[in-house]
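Enquirer: okay, predicted coordinates and the sequence, questions at the end:
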Amino acid sequence: MAQQLECDVVVVAAGLSGLAASVAAAEGGARVITLEKASNTGGAANMGMGPCAAGSPVQKASMIEVTPGELFRRHMFYTHYQVDPRLVRAYYFKSGDTIKWLQDMGVVFNSVRPAFRARERTRAYADGEYTWHVVQPEDGSEPGPRAATTMTKRMTERAQDLGVEFLFETPGKELLVNDEGAVCGVKAVDKNGEEVEISCPAVIVATGGFGANAKMIEEKIGLEWGKNLYSFAVPGMDGDGFNMCHAVGAGHTPVTMEMMYQLPDNMNHFYVEGAFRQPCYWCDRTGERFMPEDDIYNTTFVGNAINHLPGKVGFAIFDSKMLKHWKKDGPDIVSHVHPHDLYEGFEEQWQRDLDTYFDGAGNHVIAQADTLEELAEKIGIDPEGLAKNVAQYNEMCAEGFDTLFEKEREFMLPLESGPFYACRQYMGAYGTLGGVLVNDRMEVMTDEHEVIDGLYCVGTDACTIYGDSYNFAIPGNTMGFCLNSGRIAGENAAEKSADFSGDDEWD
């Protein structure tokens, strides 16, 4: 017989959006049980650096004037109003206060930043907003990937102080619905395989999409993981909440991925990947350039471009002269993700990876050769096409102007001094976005836009605010949406449960 539990609000999953929902609901006076498939909290947020916000105390202290209204307008212009304006507005107008909310929990923010910058350059992200609130790691180190782990720890501690009951290694499996069609609980299974049934007037689904479910990605998005897609497959992101919501009548929205570009198993080849994120020579497998290389800082745009190349693969190439330049002067494009000293560690990793680094189809991911023809043969580019197009590019470099794509003159460096280095570039993504239809209160709706009573969905399963592409000019948006959608849902669920507690049937 299933274990029977009762509470006011059940939160399904304890990633960033689930933690925000748990804390907000508990602050609203609700008795909260939070289910989590893993043995700890944070989920994919533990890989991140910080959320987006407008009008925060951190921005004000730094004399950064970014208002929620300005971001709302800019966001809607970027998406051409193909997204829900009330949902976008609710998020941005909540975001500044959410930073203070986190600070009150003990979260410290190192800085507010745009996404990337280029050395001695005005165009790259010249219009980028200072919205990315990068978390200061608790050990005092310089923020990098996983900096946000400190934030999820503080949120977990706050939830526990408020009495939130976490059931770890206990994934939600099914939503319970009463005769009126309202969601009234959750079925889960604990680590011993025992069924747990929890009754409640409000459920918040926060399971983070299906970025680790290759079958669902192929079925719903049409990309093949390990062949033409190398996204972050965070364990546990299997589509549980997506499927649970649709099983009780949730409406459908387009499903996308937060597109980018990266290498297979990139976290184990970090210096190699970072070294090629520069405005060198980028081409497709025919040898043709496909974009001005000084735009490769925008990983979303590059991911989109690679998606339309032959074989869905691109190539980045530089020569020994460029490598010497970067070693001496530092990278042309400086990333907050990759270390600024990446060229100091590049050659050691390069030699270690050179003959052992393959993709899922058995292709060499990186290659080195004394001639471009030999390089093309090794890495999978048409040798004649590469030679022809590089010759044209070198002529433009000599003339000091890119007549094809108008790449910035300072980055017009010819490919002429062997050895030459090449790297395959694949589509990547942080995870899936969207699928479950919600309103600006984070209530789940049917395809007819009727609210399913008692059901909320937050985080990436409900994140339909980007249109077709993530907006890197307003960085931190995924974590920002997770935090604020979770907080909005938690507050509304707590209010609902307070109203419900006066119902004689519940008592």
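Expert: Looks like it arrived, so ask away.
Enquirer: following the helix or strand containing Ala305, which helix or strand comes up?
Expert: For Ala305, the enclosing helix or strand under DSSP states H and E is helix 299-307. Scanning forward in sequence from helix 299-307 by DSSP H and E, the next helix or strand is strand 313-319.
Enquirer: still on that earlier bit, report the buried residues of the helix holding Ala305.
Expert: Across helix 299-307, burial judged by 16 or more other C-beta atoms under 10 Å covers Thr299, Thr300, Phe301, Val302, Gly303, Asn304, Ala305, Ile306. For the C-beta atoms, the positions are set from N, CA and C on the backbone; glycine is no exception.
Enquirer: give me the low-pLDDT residue ranges for the stretch 151-300 of the chain?
Expert: Within the stretch 151-300 of the chain, no range satisfies pLDDT under 70.
Enquirer: follow-up on the earlier one: switch the buried residues of helix 299-307 over to CSV; also include distance to Ile379.
Expert: Output for the buried residues of helix 299-307, formatted as CSV (distance: C-beta to C-beta, whole Å):
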residue, distance to Ile379
Thr299, 21
Thr300, 25
Phe301, 23
Val302, 18
Gly303, 20
Asn304, 22
Ala305, 18
Ile306, 15
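Enquirer: ok, so of those residues, who is nearest Cys184?
Expert: Thr300 (40.4 Å; C-beta to C-beta).
Enquirer: which residues touch that closest one?
Expert: Residues near Thr300 by C-beta atoms under 8 Å, 6 or more residues apart in numbering: Glu258, Met259, Met260, Ser469, Tyr470, Asn471, Phe472.
Enquirer: mind picking the two most distant members of those residues?
Expert: Within the contacts of Thr300, Met260 and Asn471 form the most distant pair, 12.8 Å apart (C-beta to C-beta).
Enquirer: who touches Tyr466 in this structure?
Expert: Counting by C-beta under 8 Å, 6+ apart, Tyr466 touches Thr79, Val83, Thr256, Glu258, Leu433, Asn477.
Enquirer: how about stretch 486-501: buried residues?
Expert: Buried, per 16+ other C-beta under 10 Å, within stretch 486-501: 486-497, 500.
Enquirer: now those residues as CSV including pLDDT, distance to Phe109 and secondary structure?
Expert: Shown next, in CSV, are those (pLDDT from 0 to 100; distance: C-beta to C-beta, whole Å; DSSP: H, G, I helix; E, B strand; the rest coil):
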residue, pLDDT, distance to Phe109, secondary structure
Gly486, 98, 19, helix
Arg487, 98, 17, helix
Ile488, 98, 21, helix
Ala489, 98, 24, helix
Gly490, 98, 22, helix
Glu491, 98, 23, helix
Asn492, 98, 27, helix
Ala493, 98, 27, helix
Ala494, 98, 27, helix
Glu495, 96, 29, helix
Lys496, 93, 32, helix
Ser497, 89, 32, helix
Phe500, 78, 37, helix
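Enquirer: which of these lies closest to Asp382?
Expert: Gly486 (49.1 Å).
Enquirer: what kind of secondary structure is the closest residue in space to the closest one that isn't next to it in sequence in?
Expert: Excluding its sequence neighbours, the residue lying closest to Gly486 (C-beta to C-beta, 6 or more residues apart in numbering) is Ala20, at 3.1 Å. The local conformation at Ala20, judged by DSSP: H, G, I helix; E, B strand; the rest coil, is helix.
Enquirer: now, the contacts of Thr300 that are in helices?
Expert: Judged by DSSP state H, helices contain none of these.
Enquirer: now rank the residues you listed by neighbours and give me the top one.
Expert: With neighbours taken as other C-beta atoms under 10 Å, the top of the contacts of Thr300 is Tyr470, carrying 28 neighbours.
Enquirer: can you name the residues bridging to the closest residue to Glu6 other than its chain neighbours?
Expert: Excluding its sequence neighbours, the residue lying closest to Glu6 (C-beta to C-beta, 6+ apart) is Ser199, at 4.9 Å. Beta-bridge partners of Ser199, counted by DSSP bridges, are Glu6, Gly185.
Enquirer: thinking again about what came up before, tell me the one of the buried residues of stretch 486-501 nearest Asn363?
Expert: Once C-beta to C-beta is applied, the member of the buried residues of stretch 486-501 that ends up nearest Asn363 is Gly486, at 40.6 Å.
Enquirer: so what's the closest one up against?
Expert: Going by C-beta under 8 Å, 6+ apart, the list of residues near Gly486 reads Leu16, Ser17, Gly18, Leu19, Ala20, Ala21, Ser22, Ala24, Ile204, Ala206, Val458, Gly459.
Enquirer: I'd assumed Phe481 was in contact with the fifth one.
Expert: This points to Ala20. No: counting by C-beta atoms under 8 Å, Ala20 sits too far from Phe481 to count as a contact (10.4 Å).
Enquirer: quick one: which of these two has more around it?
Expert: Per other C-beta under 10 Å, whichever of Ala20 and Phe481 has more neighbours is Ala20, with 31 against 28.
Enquirer: what sits against that one?
Expert: Listed by C-beta under 8 Å, 6+ apart, the contact partners of Ala20 are Thr98, Met155, Val458, Cys482, Leu483, Asn484, Ser485, Gly486, Arg487, Gly490.
Enquirer: could you dump these into TSV and include distance to Val186?
Expert: Formatted as TSV, the contacts of Ala20 follow (distance: C-beta to C-beta, whole Å):
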residue	distance to Val186
Thr98	26
Met155	21
Val458	15
Cys482	20
Leu483	23
Asn484	23
Ser485	19
Gly486	17
Arg487	21
Gly490	16
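Enquirer: out of those, who's the most crowded?
Expert: Val458 (35 neighbours).
Enquirer: report the distance from the longest strand anywhere in the chain to the chain centre.
Expert: For the chain, the strand with the greatest residue count under DSSP state E is strand 420-433. Its chain's average C-alpha position is 14 Å from that of strand 420-433, according to C-alpha atoms, centre = their mean, to the nearest Å.
Enquirer: ok, stretch 65-80 next?
Expert: How far stretch 65-80 lies from its chain's middle: 20 Å, per C-alpha atoms, centre = their mean.
Enquirer: return the set of buried residues in it.
Expert: Val66, Pro68, Leu71, Phe72, Arg74, His75, Met76, Tyr78, Thr79.
Enquirer: quick check: the first one touching Gly55?
Expert: Yes: taking contacts as C-beta under 8 Å, Val66 lies within contact range of Gly55: 6.9 Å.
Enquirer: centre-most residue in this protein?
Expert: Centroid-nearest residue in the chain, with C-alpha atoms, centre = their mean: Tyr430, separated by 4.0 Å.
Enquirer: which ones are touching the nearest residue to that one once chain neighbours are set aside?
Expert: Once flanking residues are discounted, Tyr430 sits nearest to Glu258: 4.4 Å by C-beta to C-beta, 6+ apart. Taking C-beta under 8 Å, 6+ apart as the criterion, Glu258 is in contact with Thr300, Ala429, Tyr430, Gly431, Leu433, Tyr466, Tyr470, Thr478.
Enquirer: alright, calling it a day.
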